[in-house]
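Trainee: Structure for the following, please:
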Amino acid sequence: EPKNSGEQEILETGKKIMVEGSRLYNDGKHRFISSHKSPIYSADGDISGICTVILDITDRKKSEEALLESEERFRTLFEAANYGILVHRNFKPLYANHALADLYGYDSINEITELESTAILTHPDYDLGGLLHHSEGEPLIADRETMGVRKNGNKFWEDRRSFVINWDGEPAVCSIRSDISTRKLAEESLQKSKEIADDASRAKSTFLAAASHDVRQPLQAMGLFLSVLDDKLAESSVGSDETIQSLVARMNDSVSVLTGMFDTLLDISKLEAQTLTPTITEFSVGIFMQRLFGQFEPQAKEKGLGFNFESTELRTLCDETMLGQILSNFLSNAIRYTDAGEVIFRAHQDGDNIRIEVQDKGIGISKENLAHIFDEFYQVGNQQRDRTKGLGLGLAIAKRTADLLGLKLTVTSEEGRGSTFSIDIPKSE
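Mentor: So this is what the prediction gives:
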């Protein structure tokens, strides 16, 4: 006999019925059950009874409730975010938060989700394909700066971070968006200012490099006049006056220092103006080094330093003049900053290269200073800015010249124990 209207309906129509509900069991616990009722037919085709199958669906119900709670928290976080969040599948919007509607100037979220395509939110000059598509099974996380378009047609710079999520059981793209127009304008302004400064620096360097001959003439003339003055004084009655001799000597020293400083500034100006072109020739490294050794040996002897030269028979392909300028700086510094001991000038093969080294037992360089020694106007051990020790451009020029030649410079040093400056040059066959 039917116990309720549902069973009565099964007996009358043959329909199957499924009912879900909660039931209190003898152990005092509520459980969710699913009741499936279906008709039982006799051999002659008449409904003779009802079959009831009861399933415990407590675990499934708990999972569904947890999922609903998770989705609710997810949506709450989305709505609380102060940046725009858009979820779409194949450019069809599925969800947007209020911050996104505000970002693009729409009055409501529904205006966003009713759009035919999210592509309308991006300026047509900016490609969407590489950012918003995803491969099946392959996670996508993409950051991009692009140009957004508001409802009123105004353009603005935006940052987008997109990644694939599961939305209603299927993959979709979640895109987090924010307005970066202020930052982009600042970057563009900074770039323009940098370009103006670079142009001015290049113009200055080009002028100095081009005018070097004309500017050197007064200095050369001054040196010549002092030389003539020295000769005339020697022939006169005041030539033996120690005060006069001291003044002339100081004037000669000043002109020498000024000439050296000016030559240094012109050298770095030529490098900045990129007016120097290397002339690559093949030459003997040993003969080349012997010539430099002869130039600096008198300076080392004058300071009472040992100056050792270890030659080589190797040959190289390089710009001999530029290489000489680099090594002259190394040797000059080694002698200048070494008060006792020796300076070693040597070369040896290092793989396919030849390594030329200048090693001294001088004041050395601290770890803090070592990172800055190739900076312009940076000097170690010259806090008083004594201009007889140069401008602090020598190593900067050496580094730029090495970069122009594509050569590697290496420095090792220990404060109080000395330094080793080396350069690697190609070995010719």
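
Trainee: can we go C-alpha only for contacts and neighbour counts from here?
Mentor: Will do.

Trainee: Now do Glu429 against Thr312, distance only.
Mentor: 15 Å (Cα to Cα, to the nearest Å).

Trainee: Compare those two and say which is more crowded by neighbours.
Mentor: A count of neighbours by other Cα atoms under 10 Å puts Thr312 above the other of Glu429 and Thr312, at 18 against 8.

Trainee: That one sits in which helix or strand?
Mentor: For Thr312, there is no enclosing helix or strand under DSSP states H and E.

Trainee: What's the local residue count around Glu342?
Mentor: The burial count for Glu342: 19, using other Cα under 10 Å.

Trainee: next one: Ala200
Mentor: Considering only other Cα under 10 Å, Ala200 is surrounded by 12 other residues.

Trainee: Glu187 too?
Mentor: Neighbour tally, Glu187, other Cα under 10 Å: 12.

Trainee: Could you do Glu12 as well?
Mentor: Quick note: Glu12 (other Cα under 10 Å) scores 11 neighbours.

Trainee: How much space separates it from Ser38?
Mentor: For Glu12 relative to Ser38 (Cα to Cα), the value is 12 Å.

Trainee: Then Ala334?
Mentor: For Ala334, the distance to Ser38 - Cα to Cα - is 102 Å.

Trainee: Which of the two has more residues huddled nearby?
Mentor: Relative neighbour count places Ala334 above the other of Ala334 and Ser38, with 26 against 18, counting by other Cα under 10 Å.

Trainee: and that one, what pLDDT?
Mentor: At Ala334, the pLDDT value in this model is 91.

Trainee: Check Thr277 too.
Mentor: 77.

Trainee: begin at 411 from here
Mentor: I'll keep to 411 as the first residue from here, and by that count the last item is Thr687.

Trainee: my guess is it is in a strand, correct?
Mentor: No. Using DSSP: H, G, I helix; E, B strand; the rest coil, the assignment for Thr687 is coil, not a strand.

Trainee: Just give the number of residues close to it.
Mentor: Neighbour number of Thr687 under other Cα under 10 Å is 11.

Trainee: ok, the closest residue to Thr468 other than its chain neighbours to Val695 distance?
Mentor: Using Cα to Cα, 6 or more residues apart in numbering and skipping residues adjacent in sequence, the residue nearest Thr468 is Phe442, 4.6 Å away. According to Cα to Cα, Phe442 and Val695 sit 92 Å apart.

Trainee: So which of the two has more stuff around it?
Mentor: More crowded of Phe442 and Val695, by other Cα under 10 Å: Val695, with 21 against 17.

Trainee: surely that one meets Thr722?
Mentor: Yes. Counting by Cα atoms under 8 Å, Val695 touches Thr722, with 6.7 Å between them.

Trainee: residue contacts, Thr822?
Mentor: By Cα atoms under 8 Å, 6 or more residues apart in numbering, the contact list for Thr822 reads Ser829, Thr830, Phe831.

Trainee: Which of these has the largest number of neighbours?
Mentor: Neighbour-wise, the contacts of Thr822 (other Cα under 10 Å) top out at Ser829, 23 neighbours.
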